[in-house]
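> Here is my input, please return the structure:
(chains A, B and C)
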Amino acid sequence: MSRVLPHPGLTLLLAAVWCALVGSLSANSVLFGVMLGVVIPAVVRPFWPETLVVRSFPRAAGYALLVLWDIAVSNVVVARIVLFLPRSALRPAWVTVPLDLTNAEAITVLAGTITMTPGTVTADVSADGRALLIHCLHAPDPDSVRDDIKSRYEARLKEFME
Amino acid sequence: MTTQLLVNIALGFAAVCYAIALLLNAWRILRPRDVPDRVLALDTLTVNAIALIVLAGIWTGRLVVFEVAILFAMTGFIGTVAYSRFLLRGDIIE
Amino acid sequence: MMALVDMVVAALLVVSGFFGLVGSIGLVKLPDTMTRLHAPTKATTLGVGGVLLASMLAYGFRGQPWGHELLISVFLLITAPVSALFIAKSVIHRSLSPRDLPPTGRPAGWATFERDAESGAAQPTGALQQRE
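The predicted structure follows:
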């Protein structure tokens, strides 16, 4: 099983993407999609030796909904800062977030989440991969930003990944 | 019938917004603070252009327009990454 | 039913047009590249996402294909943080020094600077590959 299909999730995803690209669910396109889904993971296998483990799919879906909601909220926050806050009152700040996560995929998801949510952008990672550098657009209190990220996103990610 | 008109007015409003946004991006590309600033403006311009293309797709109802938008999304992302990588390493493919 | 869908579509279009414009205003108005990075990555992505969602609703409820829009929005949602990270790294590389940033709280430094120190600015890339 694992020799033929190193990433079963990726196979399904590739088949679904192919069907969406073609714009039909006919037997023809589904079959070709599954073929691509078998061939491509086998070809790119040397670049991606580990398998991504998601322990609980309902939790992952809940996380995705939380992030989508936060993206919408973060846009209102950023729009208010951009339109109404005078430049002199803007307080940009750099924040270091130490990581409890060790799995590379989980850290990638966390970094992406931070970039898409209120007023924070992931700018760099420490060379040993145990801390993230965050830039805040407007943070009068940088410590609360760090605690917020750790409790709101990292704790939830820890529950269903790695 | 009236709600169709409503959609058309909303389409026009969004198109005007994105047209102004594209002009602002173009201004930032011409007058950047430094090179990463220009890359950022170019990336934003691509994303706004995708929005405008999709608006055209809703307006005309032609499916081929969305394929153009997909190509824009892919080349825009790869262009941004390649440009940033060039700034970081002085080389794109190692 | 169609009337309700059309009203939702119109509302989505207006909101996303507004956010797209705000993203670009932020790009022009904010003081430096790191703060400017915030407006386009968030506002512009939501703006495009809204337009694509509107298109999905408008066509999906009329029984026409809407897979392309879904693909574009997922693609943009995944790539926006990656582009932002790359631009942030090139800003750090070009115009900031380790003294401008907070400490990592770890023995190792930030990856962009470690990479600089390891490879050196003027080193040919062939040497870099052998070391990895």
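
> does the residue of chain A found nearest chain C belong to a helix or a strand, and which?
Of all residues in chain A, residue A:20 sits closest to chain C, at 3.1 Å by Cβ to the nearest Cβ. To be clear about C-beta, it is placed using only N, CA and C from the backbone, and glycine gets the same treatment. In this assignment (DSSP states H and E), residue A:20 forms part of helix A:8-22.

> what's the answer for residue A:134, then?
strand A:131-136.

> And the residue most central in space within chain C, how close does it get to residue A:91?
For chain C, the residue nearest the mean C-alpha position is residue C:80 (2.8 Å; Cα atoms, centre = their mean). Here residue C:80 is placed at a distance of 24 Å from residue A:91 (Cβ to Cβ, to the nearest Å).

> With residue C:87 instead?
Relative to residue A:91, and taking Cβ to Cβ, residue C:87 is found at 21 Å.

> ok so, going back, would you check that the residue nearest to the centre of chain C makes contact with residue C:41?
Yes: taking contacts as Cβ atoms under 8 Å, residue C:80 lies within contact range of residue C:41: 5.4 Å.

> So for stretch A:14-27, what gets flagged as buried?
Across stretch A:14-27, burial judged by 16 or more other Cβ atoms under 10 Å in any protein chain shown covers A:14-20, A:22.

> I'd say residue C:49 and residue C:75 touch.
No: taking contacts as Cβ under 8 Å, residue C:49 lies outside contact range of residue C:75: 11.0 Å.

> Between the two, which has more neighbouring residues?
residue C:49 (25 against 16; other Cβ atoms under 10 Å in any protein chain shown).

> And the helix or strand that contains that one, what does it pack against?
For residue C:49, the enclosing helix or strand under DSSP H and E is helix C:45-60. Packing partners of helix C:45-60 (3 or more Cβ pairs under 8 Å, 6 or more residues apart in numbering or on different chains; DSSP states H and E): helix A:57-84, helix B:2-30, helix B:35-60, helix C:2-29, helix C:67-95.

> can you give me how far the helix or strand that contains residue B:67 is from the chain middle?
Counting by DSSP H and E, the element that carries residue B:67 is helix B:64-89. Per Cα atoms, centre = their mean, to the nearest Å, the displacement of helix B:64-89 from the mean C-alpha position of its chain is 10 Å.

> now do stretch A:65-82
Stretch A:65-82 sits 16 Å away from the centroid of its parent chain (Cα atoms, centre = their mean).

> Over to stretch A:144-158?
Centre-to-centre, stretch A:144-158 and its host chain are 14 Å apart (Cα atoms, centre = their mean).

> tell me which residues of that stretch are tucked away?
In terms of neighbour count (16+ other Cβ under 10 Å), stretch A:144-158 has its buried residues at A:145-146, A:149-150, A:153-154, A:156-157.

> so where's chain C shaky on pLDDT?
The model of chain C has pLDDT under 70 over residues C:115-132.

> mind running it again at 50?
Low-confidence segments of chain C (pLDDT under 50): C:121-132.

> Closest residue of it to chain A?
In chain C, the residue that lies nearest chain A is residue C:67 (3.1 Å; Cβ to the nearest Cβ).

> For the strand holding residue A:134, output the C-alpha coordinates as CSV.
Taking Å, rounded to 0.1, in the frame of the first residue of the first chain, the C-alpha atoms of strand A:131-136 are listed here in CSV:
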residue,chain,number,x,y,z
ALA,A,131,11.1,29.9,16.9
LEU,A,132,9.1,32.1,14.5
LEU,A,133,9.8,35.8,13.8
ILE,A,134,6.5,37.7,13.6
HIS,A,135,6.0,41.2,12.4
CYS,A,136,3.0,43.0,13.8
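
> Okay, now the sheet partners of it, with direction.
Using DSSP bridges, the strands paired with strand A:131-136 are strand A:93-98 (antiparallel), strand A:120-125 (antiparallel).

> For the residue nearest the centre of chain A, which non-adjacent residue is closest in space?
Nearest residue to the geometric centre of chain A (Cα atoms, centre = their mean): residue A:109, 2.9 Å. Nearest-residue entry for residue A:109: residue A:157, 6.3 Å, with adjacent residues in sequence omitted and distances by Cβ to Cβ, 6 or more residues apart in numbering or on different chains.

> Also residue C:50?
Nearest residue to residue C:50, sequence neighbours excluded (Cβ to Cβ, 6+ apart): residue C:16, at 2.7 Å.

> residues in contact with that neighbour?
Contact partners of residue C:16, counting by Cβ atoms under 8 Å, 6 or more residues apart in numbering or on different chains, are B:14, B:51, C:46-51, C:54.

> Alright, I will stop here.
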